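K.L.:
Sequence first, then the predicted structure:
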Amino acid sequence: MKSKVYSLGGQPGWTLLFATWIVVASATLGSLFFSEVMGVPVCVLCWYQRIAMYPLVLILAIGLFPYDPKVVRYAGALAGVGWLSAMFHVLLVAGIIPEGVQPCVQGIPCSETHISLLGFLNIPVMSLSTFTLIGVLLFYAHRMESS
Amino acid sequence: MNRKTLFISVAGLLLLVFAGAVVLYQQSASESRNQSVLEREGAPIKGPNDAKVTIVEFFDPACGTCRDFYPLVKRLIDRYPGKVRVMVRYAPLHAGSDQVVRMLEAARYQGKFWQALELLFRSQDRWVVNHKSQPMRALTVMRVLGLDMERFSADMNRPELVQTIQRDVQDGQTLNVRATPEFFVNGRPMPSFGYDQLSRLVEEAVADAY
């Protein structure tokens, strides 16, 4: 792993940011696939998570060329917001937060799930794990740069 | 490999995977579009029964776009005499529409389905308020049809009537009908939404079938 990291120009932070970008771009395309191709309705909370996710595709790409380690700060703020709304969404679906608190009573209820892989992997859980992964990658990118 | 080449190849690869997934998904979706879910014995039909082209329309009487499409659907039946028929299925997506759909079905028991439908479309402004159906107002509108009202109210609560509507709603869910009107011409949905797209789809289906 390490030798590969250094072969990409001696900046391990860059490689980690690039990995983050791949995660973010895949998540963006995946969510567009769910809504635009499969026709899954998008609830309000899903939109909040998209608002945090989609700009990362551009922000991280700009931070990669030319490499700007400070991009971790901007991306981190967005990832944090996304992580919080994903966490709220997961708790809502799990029934830990009661129905009455949810912001979208009319239209498409956020507590309803449409896709379930392996029995537990619904869209909010996918979103939360993706934001967690993004957060971890950004954290290490930041640490490698400052050490 | 330098960074830019790496980035561009990965981006291209991701887009390629996405495009591939779209194609695969659309192929499998059109294969699984089950004819028995699409067309049901006993659903209201306009046009000749032996027509080889069937337009299946999922509709809500409270939907303004369904009202706007109705003249076009009628024109399409007339444009290809004997070749095209339309089968309507209920998709009561508006609040309160489930009751109005039951009224339509009850009017059908008295042989007045199409008159009732045209009347409801024509006077939609009088019984749809803020995108919500007002069943009592719809009932008032329907008085001019001269229905046997006693039979009408009894029919509205018949279990087979409720079952018919539930079956349509379920079929709509199976077929992913999330907005009305949704048209299928011999099983094919419109490539994108619009009057021309529907006309073209029917034109192609007629050319294929005859």
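P.N.:
Cool, got the structure. From a predicted model like this one, the values you see are computed outputs, not experimental measurements.

K.L.:
how much space between the most centrally placed residue in chain A and residue B:188?
P.N.:
The centroid of chain A falls nearest to residue A:131 when counting by C-alpha atoms, centre = their mean (3.6 Å). With distances taken as C-beta to C-beta, to the nearest Å, residue A:131 is found 39 Å from residue B:188. Placement of C-beta: from N, CA and C, glycine included.

K.L.:
what do you get for residue A:80?
P.N.:
Using C-beta to C-beta, we find residue A:80 at a distance of 46 Å from residue B:188.

K.L.:
do residue B:147 as well
P.N.:
37 Å.

K.L.:
May I ask which helix or strand encompasses residue B:117?
P.N.:
According to DSSP states H and E, residue B:117 maps onto helix B:113-122.

K.L.:
who does the very next helix or strand once past that helix touch, helix- and strand-wise?
P.N.:
For helix B:113-122, the following helix or strand on the C-terminal side (DSSP H and E) is helix B:124-127. Contacts defined by 3 or more C-beta pairs under 8 Å, 6 or more residues apart in numbering or on different chains; DSSP states H and E place helix B:124-127 against helix B:135-142.

K.L.:
ok, residues contacting the helix it packs on?
P.N.:
B:61, B:96, B:99-100, B:103, B:107, B:116, B:119-120, B:123, B:126-127, B:129 (C-beta atoms under 8 Å, 6 or more residues apart in numbering or on different chains).

K.L.:
and if you look at stretch B:73-84?
P.N.:
Contacts of stretch B:73-84 (C-beta under 8 Å, 6+ apart): B:46-48, B:50-55, B:57, B:85-86, B:198-199, B:202, B:206, B:209-210.

K.L.:
ok, now with 7 Å
P.N.:
With contacts defined as C-beta atoms under 7 Å, 6 or more residues apart in numbering or on different chains, stretch B:73-84 is touched by B:46-48, B:51-53, B:55, B:57, B:85-86, B:199, B:202, B:206, B:210.

K.L.:
returning to that earlier point: angle of the helix holding residue B:117 against helix B:135-142?
P.N.:
Angle, helix B:113-122 to helix B:135-142, by axes from the mean of the first three to the mean of the last three C-alpha atoms, to 10 degrees: 110 degrees.

K.L.:
Which secondary structure elements does helix B:113-122 sit against?
P.N.:
If contacts are counted by 3 or more C-beta pairs under 7 Å, 6 or more residues apart in numbering or on different chains; DSSP states H and E, helix B:113-122 sits against helix B:97-109, helix B:135-142.

K.L.:
Only C-alpha atoms, please: export that helix in CSV.
P.N.:
C-alpha atoms of helix B:113-122 as CSV (Å, rounded to 0.1, in the frame of the first residue of the first chain):
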residue,chain,number,x,y,z
PHE,B,113,-68.9,5.0,-17.1
TRP,B,114,-67.8,7.1,-20.1
GLN,B,115,-70.5,9.7,-19.6
ALA,B,116,-69.5,10.0,-16.0
LEU,B,117,-65.8,10.2,-16.8
GLU,B,118,-66.3,12.9,-19.4
LEU,B,119,-68.6,14.8,-17.0
LEU,B,120,-66.0,14.6,-14.2
PHE,B,121,-63.2,15.8,-16.5
ARG,B,122,-65.3,18.6,-17.9
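
K.L.:
buried ones in it?
P.N.:
B:113, B:115-117, B:119-121 (16 or more other C-beta atoms under 10 Å in any protein chain shown).

K.L.:
Same list, those, but as a markdown table with pLDDT please.
P.N.:
Below are the buried residues of helix B:113-122 laid out as a markdown table (pLDDT from 0 to 100):
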| residue | pLDDT |
| --- | --- |
| B:113 | 94 |
| B:115 | 94 |
| B:116 | 95 |
| B:117 | 95 |
| B:119 | 94 |
| B:120 | 95 |
| B:121 | 94 |
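
K.L.:
okay, the residues you listed in TSV with distance to residue B:158 next?
P.N.:
Listed next are these as TSV, based on distance: C-beta to C-beta, whole Å:
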residue	distance to residue B:158
B:113	15
B:115	20
B:116	17
B:117	19
B:119	22
B:120	20
B:121	25
